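# just to be clear, the model below is a prediction. Sequence and coordinates:
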Amino acid sequence: MKTRGFTLIELVLALGASAITLAAVYGLFSKAVHLRNDATERTRVARIRMHAVSVLRNDLNHAIISGGTMAAVLEGSKQGAGNFPGYLKFMATTLRDSGGEDTVPNNELQQVEYYIVTDPDSTDVRSGMLVRATDTNVLAQTRVDPVEEQLLTGIESMDVEFYDGNSWQTSWTYTTEETTLPKAIRVRIQPATAALGETKPVPIEVLVPWGTQPAIVKTP
């Protein structure tokens with residue numbers, strides 16, 4: 001009995017079909033990996049932003065203005081501390097919990113500042129790093145540099161507004177002469193675009209009504 005083998009043309013066609021199939025499978029696999037990586041990155045960014053919002057909101061909720069010299073700091077404006085717009089400073093009774101990521105109320109008073117600085121790890125001059133700076137040694141005669149904590153990267157600006165009961169003001173300063181407190185504080189953190197000309201991402205907004213917060217105390 002005579003056995004017939006594959007011809008060279010048949011082998012070439014089979015190899016070509018196999019190559020096309022493998023290329024299609026590889027393309028689908030690469031796309032699936034890319035989608036997975038994108039979803040993982042979006043989840044990571046969302047968690048970081050949620051954490052930053054939680055820290056800022058908790059600080060504002062535990063802000064304290066006593067009316068005396070001990071806790072009489074509230075300052076905010078569009079003018080930033082460096083090359084990026086936005087600045088906020090106030091006194092609060094919140095400290096970081098060393099055992100976790102959340103902030104917890106504490107009886108120890110501290111000064112809290114929020115501002116944007118240049119990100120040393122970024123080559124994009126349009127985006128900076130949102131920093132939370134704390135100073136717990138508020139009674140010291142010699143001031144020391146506050147402890148800076150990185151909250152968010154890739155940030156373009158921070159808009160701080162104060163509601164006086166009728167309209168939103170773009171700046172506010174509490175002094176011993178001007179002791180009026182805002183009814184609410186709104187902070188909008190604007191992430192930078194990935195490239196010039198792209199639509200700006202939706203800003204991260206934190207709105208805290210101060211008129212109903214028992215932590216804010218004003219004594220005569």
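Perfect, thanks for sending it.

# only C-alpha atoms from now on, for both contacts and neighbour counts.
OK.

# give me the neighbour count for Val112.
Other residues within reach of Val112, judged by other CA atoms under 10 Å, total 27.

# the residue nearest the centre of the chain: what's its closest spatial neighbour, skipping adjacent residues?
Note on the chain: the residue nearest the mean C-alpha position is Leu152, at 3.9 Å, using CA atoms, centre = their mean. Of all residues not flanking Leu152 in the chain, Leu130 sits nearest, at 5.0 Å (CA to CA, 6 or more residues apart in numbering).

# which residues are in contact with the one you found?
Tyr114, Tyr115, Ile116, Val117, Gln150, Leu151, Leu152, Thr153, Ile155 (CA atoms under 8 Å, 6 or more residues apart in numbering).

# and the residue nearest to Phe90 when sequence neighbours are not counted, how far is that from Val131?
Distances taken as CA to CA, 6+ apart put Leu74 closest to Phe90, at 4.4 Å, once the chain neighbours are dropped. Going from Leu74 to Val131 by CA to CA, to the nearest Å gives 17 Å.

# neighbour count winner among these two?
Neighbour count, other CA under 10 Å: between Leu74 and Val131, Leu74 has more, with 22 against 19.

# and that one, how far from Gln190?
Distance, Leu74 to Gln190, by CA to CA: 22 Å.

# check Leu60 too.
Here Leu60 is placed at a distance of 19 Å from Gln190 (CA to CA).

# and what of Asn166?
25 Å.

# higher neighbour count, the two?
Gln190 (19 against 7).

# pretty sure the more buried one sits against Ser157.
Yes. Counting by CA atoms under 8 Å, Gln190 touches Ser157, with 5.3 Å between them.

# give me the low-pLDDT residue ranges for the chain?
Residues of the chain meeting the criterion pLDDT under 70: 1-6, 66-72, 81, 94-107, 138-143, 175-178, 196-197, 211-220.

# quick one: the strands in it?
For the chain, the strands defined by DSSP state E cover 74-77, 87-96, 103-118, 128-135, 147-163, 168-169, 172-173, 184-191, 204-209.

# of all the ones you listed, which lies closest to Phe29?
Closest of those to Phe29 is strand 147-163, at 30.4 Å (criterion: CA to CA).

# what helices or strands is the closest one leaning on?
Of the remaining helices and strands, those touching strand 147-163 by 3 or more CA pairs under 8 Å, 6 or more residues apart in numbering; DSSP states H and E are helix 8-61, strand 74-77, strand 87-96, strand 103-118, strand 128-135, strand 168-169, strand 184-191.
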